[in-house]
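*Asks:* Using only what follows, build the 3D model:
(4 chains)
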Protein chains: 2
Amino acid sequence: MGKQTNRQSRKRLSDVAQSLGVSITTVSNAFNRPDQLSDKLRQHILTRAEEIGYRGPGVEGRLLRTGHAGAIALYIPEPLTYLLEDAFAAEFLSALVDACQQRQIGLLLLPAVPHENSDKPRPPVALDVAAVDAVIFYGIAKDDPVIQRAIDRGKPVIGIDMIDQDGMISVGVDDVDGAYKAAQHVLAQGHRQIGVLALPTSRQRIDRAATPRDFEQATIRFPQDRWNGYAKAFAEAGLEIENATMQMVATNSVSKGCAATEKLLAVPAPKRPTAILAMSDVLAQGALQACAANGIEVPTDMAVIGFDNAPFAANIGLTTVSQNPSEKAEIAVRRALGEEIHTQRLPTKLVIRKTA
Amino acid sequence: MGKQTNRQSRKRLSDVAQSLGVSITTVSNAFNRPDQLSDKLRQHILTRAEEIGYRGPGVEGRLLRTGHAGAIALYIPEPLTYLLEDAFAAEFLSALVDACQQRQIGLLLLPAVPHENSDKPRPPVALDVAAVDAVIFYGIAKDDPVIQRAIDRGKPVIGIDMIDQDGMISVGVDDVDGAYKAAQHVLAQGHRQIGVLALPTSRQRIDRAATPRDFEQATIRFPQDRWNGYAKAFAEAGLEIENATMQMVATNSVSKGCAATEKLLAVPAPKRPTAILAMSDVLAQGALQACAANGIEVPTDMAVIGFDNAPFAANIGLTTVSQNPSEKAEIAVRRALGEEIHTQRLPTKLVIRKTA
DNA sequence: TTATGGAACTTGAACGTTACAGAACAAGTG
DNA sequence: CACTTGTTCTGTAACGTTCAAGTTCCATAA
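*Replies:* Residues are numbered from 1 along each chain as shown, chains lettered A, B, ... in the order given. From the prediction side, this is the model:
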């Protein structure tokens, strides 16, 4: 009836140690540092552990002691379905899992925190209680309060394609340059009226016409930077602001891209665009659909360039700006694990296919 | 120079407690159980905690004390890309994340454990060190050693669509019945030569003709059960074994389904199938492609039925057996969290569209 | 007045592990 | 022989939290 006769309780290192008359440390070493003891004793301990039903060093104690969780978190702000709808996002997610795979660490998908009504005792959310070594954010707005909450945890916080922020490590491609190259390409072909399909620049998402002002005040980085890239090329080519027509979509989906393109095409003749720059391949695909529906030939009557070089882009012959998701994921994971690599924005490449 | 002047070390409950002259427990309660102390003191503690830079109760201590990690693991046996290629699998994954979302718990994607060469000191893998409350396996073979390894951890282990096993909780649909209904449907239409596109029945995956024996010896459940469902209907309709032609694919992809169907079509006239039962919608889509390529009209010249009712099935008018991924995910998560719900195999439904 | 009961707080003990500093002993070196 | 070096093992102290079982105090009822 002593405490060690505790019936069903999980066996621990000390149980094994006691049953063999060796120290706890030695048993720990038998499992974690084979070089710290003789092979003979080690085998002895291992078999004995098996006998008494010890399951090996438990996670809880180790975590408390070492502080190393062996996992990093990825915050999922919306239903995963939405994310997977975007082929490029899905590709990035896969790359992230692969990067973790190689290092044998887990990737924890963190559900969105529910809206806080006030500053009442906030209920414990996964973001707060998860045992991870770092948190990665992907494609959320700079002013999302969840970011500060993660930073407060004291572990590294990585922002993918996000606006720089104190306490957060930024990883992303050089969107300005990528967009610049795309715009240059159509301008070089003589186009002077350009349509832009833009992604949301802030958390409030509605389908509408966009203005340069929207991009200035953006809280999401890459639509801002991509616009800046386009604008830079426009300026260099001497285009006026009236030469560009912008539509912003609520979500990155083919149907939204199609609908937004219809609006671009509705503009009367002189200002009607002859080229469309889409901020994603998904939107570009929508643009192609709209063109097809309206009997507009691509690329003869209309040039279309996407962004991302998503897997399907090659199949549909889409000219686009390529970014490397594996590289992005790899760097994100390395930085999450504390590696101090010095990186600028990752490079992009213009991939010329059939649509422009 | 005392230990509390430890400079940069993370603040803890005791630091706050000491600085206010209250007990550690009270500070803990201030964060976790507001009802255990007066509001006044609670506010006092909270503001003081802020002042001295305490970040709130840490994960490590809590985990050790409570044993509750607030996350469940999903073992990913192969690159995530492969999983996402299968639209139904992607749908299930999303459903799983959603189910976790609702309960504010994380879903940890666990990388595959590398092949063990011998029983040398096995390196610590994510599966061993991850702090989770349960492990879910999806679509792996019964004899995969990784299962036992998970069971040894002592937390609940859930197997989705897997063969029953000691120490593992099984969740899945009634594949036998679903397949039975599909087969019945084509048999009722008078078809007497049936082609079957089968998914792998064991870990070794190659494209080849399949025999009933393959299904008997299966280590993966649902191909086995689906075959049994088909076979049951065949027997009831008085079909001989020669009336069925089976092809097994190495992976669940459209191209493999297409290639396998080509082989089915290559069978000479009397034994050539007039209906194809595919064990997944993905394979069925491949079958449709092959038919189109060979100028075979569906459903007039060939009936095709899939399985899963993946999202795309509706778009292409595929007749298929529907299973509900949300329900499957929901039950998996509930059982993972220890809920003792009594469930049989989940029901399926035959969805008749254009292809049969 | 004396119970009775509850709210507000405290005490002390785990939870299971690993890091660190060192002890004991053997073996090689000059 | 004394001295170094190395291997093998031990003891102790955290790591930060929560839980069960108190104690104290005050209000209300008998």
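*Asks:* Which parts of the stretch 251-356 of chain A are strands?
*Replies:* A:275-278, A:303-305, A:320-322, A:349-351 (DSSP state E, counting those that start in this stretch).
*Asks:* Smallest gap between the stretch 251-356 of chain A and DNA strand C, at which residue?
*Replies:* residue A:338 (15.4 Å; Cβ to the nearest atom of the strand). For the C-beta atoms, the positions are set from N, CA and C on the backbone; glycine is no exception.
*Asks:* since we're on that residue, how many residues are nearby?
*Replies:* When counting by other Cβ atoms under 10 Å in any protein chain shown, one arrives at 10 neighbours for residue A:338.
*Asks:* thinking again about what came up before, deepest-packed of the strands of the stretch 251-356 of chain A, please.
*Replies:* Mean neighbour count, computed with mean count of other Cβ atoms under 10 Å in any protein chain shown, is highest for strand A:275-278 among those, reaching a mean of 30.
*Asks:* Give me the sheet partners of that strand and which way each runs.
*Replies:* Here strand A:275-278 has these sheet partners by DSSP bridges: strand A:194-198 (parallel), strand A:303-305 (parallel).
*Asks:* Of those, give the one that comes closest to DNA strand D.
*Replies:* strand A:194-198 (44.0 Å).
*Asks:* How much space separates residue A:172 from residue B:65?
*Replies:* From residue A:172 across to residue B:65, the span is 39 Å (Cβ to Cβ, to the nearest Å).
*Asks:* between those two, which one's more packed in?
*Replies:* With neighbours defined as other Cβ under 10 Å, residue A:172 and residue B:65 compare such that residue A:172 has more, 22 against 11.
*Asks:* Not counting its neighbours along the chain, what's nearest that one?
*Replies:* Nearest residue to residue A:172 in three dimensions, chain neighbours excluded: residue A:161, at 4.3 Å (Cβ to Cβ, 6 or more residues apart in numbering or on different chains).
*Asks:* And the residue of the stretch 1-150 of chain A closest to DNA strand C?
*Replies:* residue A:61 (2.3 Å).
*Asks:* does DNA strand D sit close to the helix or strand hosting that residue?
*Replies:* Element membership for residue A:61 (DSSP states H and E) is helix A:59-66. Yes - Helix A:59-66 reaches DNA strand D (Cβ under 7 Å from any atom of the strand) through A:61, A:64-65.
*Asks:* name the helices or strands packed onto that helix?
*Replies:* helix B:59-66, helix B:126-129 (3 or more Cβ pairs under 8 Å, 6 or more residues apart in numbering or on different chains; DSSP states H and E).
*Asks:* Looking at the residue nearest to the spatial centre of chain A now. What's its pLDDT?
*Replies:* By Cα atoms, centre = their mean, the mean C-alpha position of chain A lies nearest to residue A:138, the distance being 3.5 Å. pLDDT recorded at residue A:138 is 95.
*Asks:* which regions of chain A lie under the pLDDT threshold?
*Replies:* A:1-8, A:116-123 (pLDDT under 70).
*Asks:* What parts of it come near DNA strand D?
*Replies:* Near DNA strand D, when you scan chain A using Cβ under 7 Å from any atom of the strand, you find A:21-26, A:29, A:35-38, A:40-41, A:61, A:64-65.
*Asks:* can you give me the strands for the stretch 51-200 of chain A?
*Replies:* Under the criterion DSSP E, counting those that start in this stretch, strands of the stretch 51-200 of chain A are mapped to A:71-76, A:106-111, A:135-138, A:157-160, A:169-171, A:194-198.
*Asks:* and among those strands, the most buried is which?
*Replies:* Ranked by mean neighbour count, the strands of the stretch 51-200 of chain A are led by strand A:106-111 with a mean of 29 (mean count of other Cβ under 10 Å).
*Asks:* re the thing from before, tell me which of the strands of the stretch 51-200 of chain A lies nearest to residue B:229.
*Replies:* Proximity to residue B:229 (Cβ to Cβ) singles out strand A:106-111 among these, at 33.7 Å.
*Asks:* just the angle between that closest one and strand A:71-76, please?
*Replies:* 30 degrees (axes from the mean of the first three to the mean of the last three Cα atoms, to 10 degrees).
*Asks:* The closest residue to DNA strand D within the stretch 151-300 of chain A and DNA strand C, how far apart?
*Replies:* Among all residues of the stretch 151-300 of chain A, residue A:154 sits closest to DNA strand D, at 10.0 Å; criterion: Cβ to the nearest atom of the strand. Distance of residue A:154 to DNA strand C, given as Cβ to the nearest atom of the strand, to the nearest Å: 19 Å.
*Asks:* pretty sure that residue is touching residue B:10, no?
*Replies:* Yes - taking contacts as Cβ atoms under 8 Å, residue A:154 lies within contact range of residue B:10: 6.6 Å.
*Asks:* Identify the contacts common to the two.
*Replies:* residue B:55 (Cβ atoms under 8 Å, 6 or more residues apart in numbering or on different chains).
*Asks:* Return the distance of residue A:289 relative to residue A:306.
*Replies:* Applying Cβ to Cβ to residue A:289 and residue A:306 gives a distance of 13 Å.
*Asks:* coming back round to it: now tabulate the strands of the stretch 51-200 of chain A in JSON lines and tack on distance to residue A:149.
*Replies:* Output for these, formatted as JSON lines (distance: least, Cβ to Cβ, whole Å):
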{"stretch": "strand A:71-76", "distance to residue A:149": "10"}
{"stretch": "strand A:106-111", "distance to residue A:149": "11"}
{"stretch": "strand A:135-138", "distance to residue A:149": "9"}
{"stretch": "strand A:157-160", "distance to residue A:149": "10"}
{"stretch": "strand A:169-171", "distance to residue A:149": "16"}
{"stretch": "strand A:194-198", "distance to residue A:149": "29"}
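*Asks:* could I get those strands as TSV with distance to DNA strand C?
*Replies:* Formatted as TSV, those follow (distance: least, Cβ to the nearest atom of the strand, whole Å):
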stretch	distance to DNA strand C
strand A:71-76	16
strand A:106-111	17
strand A:135-138	23
strand A:157-160	25
strand A:169-171	25
strand A:194-198	50
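*Asks:* Show me which of the residues of helix A:59-66 next to DNA strand D is closest to residue B:237.
*Replies:* Nearest to residue B:237 among the residues of helix A:59-66 next to DNA strand D, with distances taken as Cβ to Cβ, is residue A:61, at 60.8 Å.
*Asks:* Please identify the nearest residue in space to the closest one, excluding sequence neighbours.
*Replies:* Among residues not flanking residue A:61 along the chain, residue B:64 sits closest, at 6.1 Å (Cβ to Cβ, 6+ apart).
*Asks:* Might one say that the one you found is in contact with residue A:64?
*Replies:* Yes - applying Cβ under 8 Å, one finds residue B:64 in contact with residue A:64, separated by 4.6 Å.
*Asks:* isn't the residue nearest to the centre of chain A right up against residue A:73?
*Replies:* No - look at residue A:138 against residue A:73 with Cβ under 8 Å: they stay out of range, at 11.1 Å.
*Asks:* Count the residues that sit near residue A:238.
*Replies:* Considering only other Cβ under 10 Å, residue A:238 is surrounded by 9 other residues.
*Asks:* what are the ranges of the helices in the stretch 51-200 of chain A?
*Replies:* Assigned by DSSP state H, counting those that start in this stretch, the helices in the stretch 51-200 of chain A fall at A:59-66, A:80-85, A:87-103, A:126-129, A:145-152, A:175-188.
*Asks:* just checking, what packs against the second one?
*Replies:* Spelled out, it's helix A:80-85. Using 3+ Cβ pairs under 8 Å, 6+ apart: helix A:80-85 touches helix A:87-103, helix B:87-103.
*Asks:* check contacts around the closest residue to residue A:112 other than its chain neighbours.
*Replies:* Nearest residue to residue A:112, sequence neighbours excluded (Cβ to Cβ, 6+ apart): residue A:77, at 5.1 Å. Applying Cβ under 8 Å, 6+ apart, we find residue A:77 in contact with A:112, A:139-140, A:144, A:146.
*Asks:* what do you get for residue A:308?
*Replies:* Counted by Cβ under 8 Å, 6+ apart, residue A:308 has contacts A:88, A:280-281, A:320-323.
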